[in-house]
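Participant: Let me see the structure of the following:
(3 chains)
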Amino acid sequence: MTRLHPTTTPAAERPAGTNRWLDRAHLVQGGLLTLMLLAPVAAHLLGEVYYVNLASRIALVAMAAVGLNLAIGYGGMISFGHAAYFGLGGYVSGVSAYHAFDGSLVMGLPGSDDMLVIWLAAALLCGLLALVIGAISLRTSGVYFIMITLAFAQMAYYFANSWPDYGGEDGLPIYLRNSLPGLDTNHALSFFLVCFTGLVFSLALTSRLMKSRFGAALSMARLNETRLATAGISPFPIRLVAFVISAMITGLAGALYADLNGFVSPSMLSWHLSGELMVIVILGGVGRLYGPLAGAILFVLMETLLGGLTEYWKFFLGLVLLGVVLFARQGVIGWLAGRERHE
Amino acid sequence: MSVTLLIEQLINGLQLGTMLFLMASGLTLVFGVMGLINLAHGSFYMVGAYVTALATASTGSFLLGLAAGVLAAAAAGAIVELLVIRRLYRRQHLDQVLATFALILIFSEGTRWLFGSSPLWLSPPEALAGSVALPGGSRYPVYRLVIIAVGVVVAAGLYLLIAHTRLGMRIRAGESDREMIGALGVNIRRLYTLVFALGAALAGLAGSLVGALQSVQVGMGEPVLILAFVVIVIGGIGSIKGALLGALLVGLVDTLGRVFLPALFGQFMAPSDAAGAGTALAAMLIYILMAVILAFKPKGLFAAHD
Amino acid sequence: MSEAVLSMSGLHKRFGALQATHDVSLDLRAGEIHALIGPNGAGKSTLIAQIAGSLRPDAGQIHLGQRDITALGVARRARLGLGRSFQVSCLAEPLSVLRNVMIGAQALQGHSFRFWRPVSRDRSLLEPAYEALERMHLAHRADTPVAALSHGERRQVEVACALVLEPRALLLDEPMAGLGPEGSARLTELLETLKREVPILLIEHDMDAVFRLADRISVLVAGSVIAHGDSAAIRRDPRVRDAYLGD
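Facilitator: Next up is the predicted model:
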């Protein structure tokens, strides 16, 4: 078949955006990341280990939300079950450490307390779980999708609850934090840097991904599925792969989160956690790269500050969330960095 | 495995099924008529139980308490609809999920604030405290049988309401064509408030009845809510008939699975392993059921809407 | 007679009691514009859906070239060279015109599981997209979000989206609707040159345009093709007059 237009006019290079790195959005994003990095360093210098760990918590919650944002914000797949991956990641950490500790085998394999091995296993297992859940759930859409993802996560929750080998509903302690070659992971700031690296990695990955062909197809699947199919690309595999990547990011965050707490329990799989991750994505600004980070900072700070004032802080979280959903659709990042622009 | 145990568990499953139907019918009506997904439906279950427990304690009459509980749930439903829910009808599902998730936080933490974390106690009325003989010789609590009867009566009433009354006609019209019903001159806002309050009342009724069997506490509505979601997904969202069938299916499968799966596994596994594996699988059974049904019918058994 | 690029034979589609498509056989040959006309409710939309792949016929076959595409999905047919435009604009509104067109170029170059290279600097996508836009005289709007376009411009973007697929056959569903006189004159001219490269199955309400452009016309009434021929024959056909004016 011949090309339609033998007389090719070369595409005019579009003028590169001037001052791209000086505009408000980039300043806010850079500011958030710098704050995220410098605050715990300052806390460390002041000897406030509690705040260093708080920063690790923010980084990991944000990373989990970055994963969810890929599904919800960029892919338009409203997963109400990402706790399944967060929790599975956590259990990989816990179970692996457990077997490494007593030298026993799990499914014929030895445990490991090496984080690199644990991350690899967590990413693979979460990806596999998401492949199965996604393949079934993505056959449906709308409310069905929301409820099915929720139901699958509940399945994981009840499984962990009733499976006695790893603590059942009591959860599983990680007595010694898993290790990384050449780094003391028990040192709060070192561990924070690991978490921060994870966060930056997930942000960079999402950013790069969404600029690629895959990202273009995923955006189109969200904005206009019919257009994507008419252009010759089946939406289903694109969505499924995005769902899997999203679950892997959230799962990695979960693996680190279990290490941070030295503990993993079914609560990491609970639907409250799925809901809270969604809340973080929305509070921050759905479909915005730095939305999850802004949302996580806000969420964890509210939890810490309000939670210090009243035991019933979630009552006020509910009010704030209701206000944001009803009246402030842009989220924090929209309010800080201005409206989103499409290329 | 005795016949008695089987009969007993069948009735238990039926009882869970009827309670799930009370929850699921409200959820599915609200989705069918208004296109709204409501996570806070479990909160009305909790409101019904709390008010019933408090009113029963202060009046000494379970019936008065029950009436108060159902009315309170309906009132809570109407107020929530007027203040929040009606702003959400035209919004995306994501907004609906989040706003109603926020409502759960407000209801649950608000209740904890008012009444503390320790459960309230509510016992079935004296008159129903006894038990009756089942075929096979064992005895079964009357109150549980009464719950099933209430569920059957409500299901029949709901059927009559929807099939044979003006309100039901409007509800059906609203399900098939939301624009149309406005054009018919029906006061659509009032209809929506009414439907929402009706759903809340049914949830409140379920909460009150079950509250007398279990403890009345914060968060009690959540496991039931998620089961009700499974029910309406299986049945087809928006379909009352689907909700009924789904509720019975889920009630029976869940109850029977929990009792018989560990025993079944015991046939070919070491007893200690069998208990663990059987329990774990039983806990997941209805979700597996749902996944299998959806793999064949992505819109549930009686799909009414997209 | 040249060989058929796209052909349908014996298509049937029934919705309950309604026979929406009844034994429809049509073909589209190289170099021609074949117009499909018919009153509202004649079953044109149902027929297009079957050709494009969003609806399966109950019976009958559809071939693109030698290939039986009856069982293939929308995306697969598009990759095999079936381009289409929609009656109601079907574009991603927040995205730029260019991005809407580029997605087609992307599909043409194989799978989209490429995760690394940014599309904004990918000349192999940009060039064909600009080319298609230039054909539609829309290159100057490349960076405009679709939401900011006029009705007529969206129509043109739709055609550009179809062109970028390097289609073997084009399915245009009322491309003239909503275009001003100037716009439709320009599009008419474009379609006339375009048909030499790619044959067009044209569904159109604007009868002036149909009679001017079409090499052949088929008339669809109540799911069946009741008449078939060139403009002159169709103009004269009493059954066509009945169908349009009778009720």
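
Participant: which phi and psi does whichever residue of chain B sits closest to chain C have?
Facilitator: Nearest to chain C, among the residues of chain B, is B:Gln92, at 14.8 Å (C-beta to the nearest C-beta). Using the backbone N, CA and C atoms, a C-beta is placed for each residue, glycine as well. Dihedral pair for B:Gln92: phi -70, psi 160, per degrees, to the nearest 10.

Participant: Residue ranges in chain B under the pLDDT threshold?
Facilitator: Within chain B, the ranges that satisfy pLDDT under 70 run B:1, B:174-186, B:303-306.

Participant: Can you report how many residues neighbour the residue in it that chain A sits nearest to?
Facilitator: Using C-beta to the nearest C-beta, the closest approach of chain B to chain A is made by B:Leu105 at 3.2 Å. By the criterion of other C-beta atoms under 10 Å in any protein chain shown, B:Leu105 has 26 neighbours.

Participant: That one touches A:Gly318, doesn't it?
Facilitator: Yes - counting by C-beta atoms under 8 Å, A:Gly318 is a contact partner of B:Leu105 at 3.2 Å.

Participant: all helices of the stretch 201-343 of chain A, in order?
Facilitator: Per DSSP state H, counting those that start in this stretch, the stretch 201-343 of chain A has helices spanning A:213-223, A:225-230, A:235-261, A:271-284, A:291-309, A:313-327, A:331-337. These are given in chain order.

Participant: The first one near chain B anywhere?
Facilitator: So that's helix A:213-223. No - judged by C-beta under 8 Å from any C-beta of the partner chain, helix A:213-223 stays clear of chain B, getting no closer than 11.9 Å.

Participant: Now do that helix and helix A:235-261, the angle between them.
Facilitator: Helix A:213-223 and helix A:235-261 are oriented at 100 degrees to each other (axes from the mean of the first three to the mean of the last three C-alpha atoms, to 10 degrees).

Participant: sorry, back to before: for the helices of the stretch 201-343 of chain A, which has the smallest mean pLDDT value?
Facilitator: With a mean of 74, helix A:331-337 has the lowest mean pLDDT of the helices of the stretch 201-343 of chain A.

Participant: how about that one: buried residues?
Facilitator: Within helix A:331-337, the residues that count as buried by 16 or more other C-beta atoms under 10 Å in any protein chain shown are A:331-334, A:336-337.

Participant: Tell me which residues are up against that helix.
Facilitator: With C-beta atoms under 8 Å, 6 or more residues apart in numbering or on different chains as the test, helix A:331-337 has contacts from A:24-25, A:28-29, A:282-286, A:288, A:290-291, A:294-295, A:298, A:324, A:328, A:340.

Participant: again, only this time at 7 Å
Facilitator: Here helix A:331-337 makes contact (C-beta atoms under 7 Å, 6 or more residues apart in numbering or on different chains) with A:24-25, A:28-29, A:282-286, A:288, A:290-291, A:294-295, A:298, A:328.

Participant: Give the single residue among the residues you listed positioned nearest to B:Gly251.
Facilitator: Closest approach between the contacts of helix A:331-337 and B:Gly251, by C-beta to C-beta: A:Ile282, at 34.2 Å.

Participant: hang on, B:Leu160 in a helix?
Facilitator: Yes - checked against DSSP: H, G, I helix; E, B strand; the rest coil, B:Leu160 lies within a helix.

Participant: and it, how many neighbours does it have?
Facilitator: Residues within reach of B:Leu160, counting by other C-beta under 10 Å, total 11.

Participant: In terms of helices and strands, where is the spatially closest residue to it that is not a sequence neighbour?
Facilitator: In this structure, B:Leu160 finds its nearest non-sequential neighbour in B:Gly168, 7.9 Å apart by C-beta to C-beta, 6 or more residues apart in numbering or on different chains. Under DSSP states H and E, the secondary-structure element containing B:Gly168 is helix B:166-176.

Participant: For that helix, name the packing helices and strands.
Facilitator: Using 3 or more C-beta pairs under 7 Å, 6 or more residues apart in numbering or on different chains; DSSP states H and E, the elements in contact with helix B:166-176 are helix B:3-34, helix B:142-164, helix B:178-183, helix B:188-211.

Participant: Could you list every helix and strand in contact with the helix or strand of chain C with the lowest mean pLDDT?
Facilitator: For chain C, using mean pLDDT, DSSP states H and E, the weakest element among its helices and strands is helix C:238-245, scoring a mean of 76. For helix C:238-245, the packing partners by 3+ C-beta pairs under 7 Å, 6+ apart come out as strand C:216-221, strand C:224-229.

Participant: Including mean neighbour count, could the ones you listed go into a markdown table?
Facilitator: A markdown table is the format used below for those (neighbours: other C-beta atoms under 10 Å in any protein chain shown):
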| stretch | mean neighbour count |
| --- | --- |
| strand C:216-221 | 22 |
| strand C:224-229 | 16 |
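
Participant: Export those as CSV, with columns for mean pLDDT and distance to chain A.
Facilitator: What follows is these, written out as CSV (pLDDT from 0 to 100; distance: least, C-beta to the nearest C-beta, whole Å):
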stretch, mean pLDDT, distance to chain A
strand C:216-221, 92, 22
strand C:224-229, 89, 25
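
Participant: Can you tell me how far the closest residue to chain B within chain C is from A:Met220?
Facilitator: In chain C, the residue that lies nearest chain B is C:Pro94 (14.8 Å; C-beta to the nearest C-beta). Look at C:Pro94 and A:Met220: by C-beta to C-beta, to the nearest Å, they are 11 Å apart.

Participant: Neighbour count for those two, which is higher?
Facilitator: A:Met220 (27 against 15).

Participant: Relative to chain C, how far out is that one?
Facilitator: Per C-beta to the nearest C-beta, to the nearest Å, A:Met220 is found 5 Å from chain C.

Participant: Now that residue. Nearest residue, chain neighbours left out?
Facilitator: Excluding the flanking residues, the one nearest A:Met220 by C-beta to C-beta, 6+ apart is A:Leu228, at 4.2 Å.

Participant: Contacts only, for the one you found.
Facilitator: Under the criterion of C-beta under 7 Å, 6+ apart, the neighbours of A:Leu228 are A:217, A:220-221, A:235, C:103.

Participant: between the residues you listed, which is closest to chain B?
Facilitator: Nearest to chain B, judged by C-beta to the nearest C-beta, of the contacts of A:Leu228 is A:Pro235 at 14.9 Å.

Participant: Number of residues surrounding the closest residue to the closest one other than its chain neighbours?
Facilitator: Using C-beta to C-beta, 6+ apart and skipping the chain neighbours, the partner closest in space to A:Pro235 is A:Ala221 (4.3 Å). Other residues lying near A:Ala221 total 26 when counted by other C-beta under 10 Å.

Participant: Go ahead and confirm A:Ala221 touches A:Pro237.
Facilitator: No - at 9.9 Å, A:Ala221 and A:Pro237 do not qualify as touching, with contact defined as C-beta atoms under 7 Å.

Participant: What separation do you get for A:Leu180 and C:Arg135?
Facilitator: Applying C-beta to C-beta, the value for A:Leu180 to C:Arg135 is 57 Å.

Participant: and what of A:Leu54?
Facilitator: 58 Å.

Participant: Could you look up the SS state of the residue lying farthest from the centre of chain C?
Facilitator: Distance from the C-alpha centroid of chain C peaks at C:Trp116, with 33.4 Å (C-alpha atoms, centre = their mean). Secondary structure for C:Trp116, judged by three-state DSSP, is coil.
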